[in-house]
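Participant: Provided below for reference: sequence and predicted model.
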Protein chains: 2
Amino acid sequence: MKPLFLGFGNAAKIILEELEDLISDFYYYDEKKITNGSGTMLEEFYIPDDSDMVIECASVGAVRKYYREILSSNKDFYILSTGAFADEDFRRDFNNILEKSQSNVFLPSGAIGGVDVIYAIKKYIDKVFLRTYKPPISFGRNDKEKTLIFSGNAIEAIKRFPRNTNVSVTLSFAVGSFEKVFVEIYSDPNVKRNIHKIEINSSVGNYIFSFDNIQSPNPRTSMLAPLSLASLIRKRFEKVKIGG
Amino acid sequence: MKPLFLGFGNAAKIILEELEDLISDFYYYDEKKITNGSGTMLEEFYIPDDSDMVIECASVGAVRKYYREILSSNKDFYILSTGAFADEDFRRDFNNILEKSQSNVFLPSGAIGGVDVIYAIKKYIDKVFLRTYKPPISFGRNDKEKTLIFSGNAIEAIKRFPRNTNVSVTLSFAVGSFEKVFVEIYSDPNVKRNIHKIEINSSVGNYIFSFDNIQSPNPRTSMLAPLSLASLIRKRFEKVKIGG
């Protein structure tokens, strides 16, 4: 397998390491010109004919800049910065181009999980709650007890707290609606790391998921997000496909 | 799409209804000769050449009886009764035949979820705890308070509590080991329905998932299990694939 990495920071390196038995060679493009001992660096972004897929682990901005070219190449497209889809005009244009493309687009569960359940029962879900707990210092605050600092739907949350956007978008896509995802953000002196809790009430069952992710070497990214993307690619090569 | 259903009870009917926009026609085989207004009933089990895939929603016994024939047909094979894989000899033979087959085998998350996370971080997991809470009457008991009635690894749990086998096997496959899954079963007068809780401690994060499934018309099956299988099939037809 010979993928093209769009973005070659910390997340790309985790994915590369996870899939080293499957990746024989690779291309990469990074606006910051981050280099690496192996692989072929592209000076300008383009999609080499002999690359098998595009793996985005750069930024929302990179998805929005290059999606037309990627979908037109008909290569499969793995997207870590799912927050790109928060914008309605982008979604519309993306879907229009995708209709004429042979690409499959993969949005991994990312920094959360349980997306398997949520996607499976989406028809039966009225509301999903996403509650995020962060240390007060993350908000430049000094709260002595747990304080609700935001409450609203995913669209409003994305506007006010852009750092949470990937998670809000992935959840909204799984449920099939931005309006069904309710977000609460707490400044909480009792937590050391960011905690996400997802609560789902539906006519087929009630579910609570709690995520306490350890950060990757880049403190803005959890380890789980790139591992989740890597596992999606690995599953393509397994004859027995577990979960989903 | 024209699937073959192996087993045509309650679960098959839920899947059929969920996928009615995708299923143009179907075959079905049921040992109890359950019939239906539509589709083509097979009197004996065989795999029609023009069927697209086999969807098992019968029993562990049916998987063990027909897997050779199914894998030899090279059709994709969706398995609800994942408990079939609890047996080591079966696993070995299944894998041997699968190696020579073109089939892909799909094991849905079933009555649990969060399998997306577990599979993604399997390398980083030491132990997974599966705690099941059921009303005392399920065990023919009369406990007045929550009582631990079993504690052991997945292999031991499967022997002692065969009704939980599908969940134990799916979890063990996601983690990649039966020995890493620790099962605790509680007789609990405070619960009305079966509750599963999964706790994962790993070097990339700590996760807790809680499942309170509403039963399907067949009280031994949750609605979630067949919906989970149906969503896996639906995902094949979606150009944007969410989660995993």
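Facilitator: Great, that's in hand.

Participant: for the helix or strand of chain A with the lowest mean pLDDT, name the packing helices and strands.
Facilitator: Within chain A, no helix or strand scores below helix A:154-160, which has a mean of 90 by mean pLDDT, DSSP states H and E. Under the contact definition 3 or more CB pairs under 8 Å, 6 or more residues apart in numbering or on different chains; DSSP states H and E, helix A:154-160 sits against strand A:147-153, helix A:165-175, strand A:181-187. In short, each C-beta sits where N, CA and C put it, glycine included.

Participant: now the farthest one out in chain A, which residue is it?
Facilitator: Farthest-out residue of chain A from its mean C-alpha position, per CA atoms, centre = their mean: A:Lys144, at 31.9 Å.

Participant: my guess is it contacts A:Pro189. True?
Facilitator: Yes: between A:Lys144 and A:Pro189 there is a contact at 6.2 Å, judged by CB atoms under 8 Å.

Participant: chain A - how does it break down into domains?
Facilitator: Following the TED database, one gets these domains for chain A: A:3-110+A:223-237, A:115-212.

Participant: got CSV for these, with distance to B:Ile118 too?
Facilitator: Listed next are these as CSV, based on distance: least, CB to CB, whole Å:
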stretch, distance to B:Ile118
domain A:3-110+A:223-237, 10
domain A:115-212, 10
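
Participant: need the contact list for A:Tyr133.
Facilitator: By CB atoms under 8 Å, 6 or more residues apart in numbering or on different chains, A:Tyr133 lies in contact with A:146, A:186, A:188, A:190-191, A:194-197.

Participant: what ranges does chain A have for its strands?
Facilitator: A:4-6, A:27-29, A:40-41, A:53-56, A:76-79, A:105-107, A:125-134, A:147-153, A:181-187, A:195-202, A:205-213, A:240-242 (DSSP state E).

Participant: returning to what we had before: tell me which of the helices and strands packed on helix A:154-160 sits most buried.
Facilitator: helix A:165-175 (a mean of 25; mean count of other CB atoms under 10 Å in any protein chain shown).

Participant: and it, how far out from the chain's middle?
Facilitator: Computed by CA atoms, centre = their mean, to the nearest Å, the chain-centroid distance of helix A:165-175 equals 8 Å.

Participant: is any part of that helix close to chain B?
Facilitator: Yes: using CB under 8 Å from any CB of the partner chain, we find that helix A:165-175 touches chain B at A:170, A:173-174.

Participant: now those as TSV including distance to B:Val204 and pLDDT?
Facilitator: As requested, the residues of helix A:165-175 next to chain B are exported to TSV (distance: CB to CB, whole Å; pLDDT from 0 to 100):
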residue	distance to B:Val204	pLDDT
A:Thr170	18	95
A:Phe173	23	96
A:Ala174	21	97
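
Participant: if I look at the closest residue to A:Ile34 other than its chain neighbours, how far off is chain B?
Facilitator: Leaving aside its chain neighbours, A:Ile34 sits nearest to A:Phe8 (4.8 Å; criterion: CB to CB, 6 or more residues apart in numbering or on different chains). From A:Phe8 across to chain B, the span is 21 Å (CB to the nearest CB, to the nearest Å).

Participant: go on, A:Leu42?
Facilitator: 26 Å.

Participant: was I right to think that residue contacts A:Tyr29?
Facilitator: Yes: when contacts are counted by CB under 8 Å, A:Leu42 is listed as touching A:Tyr29 (4.3 Å).
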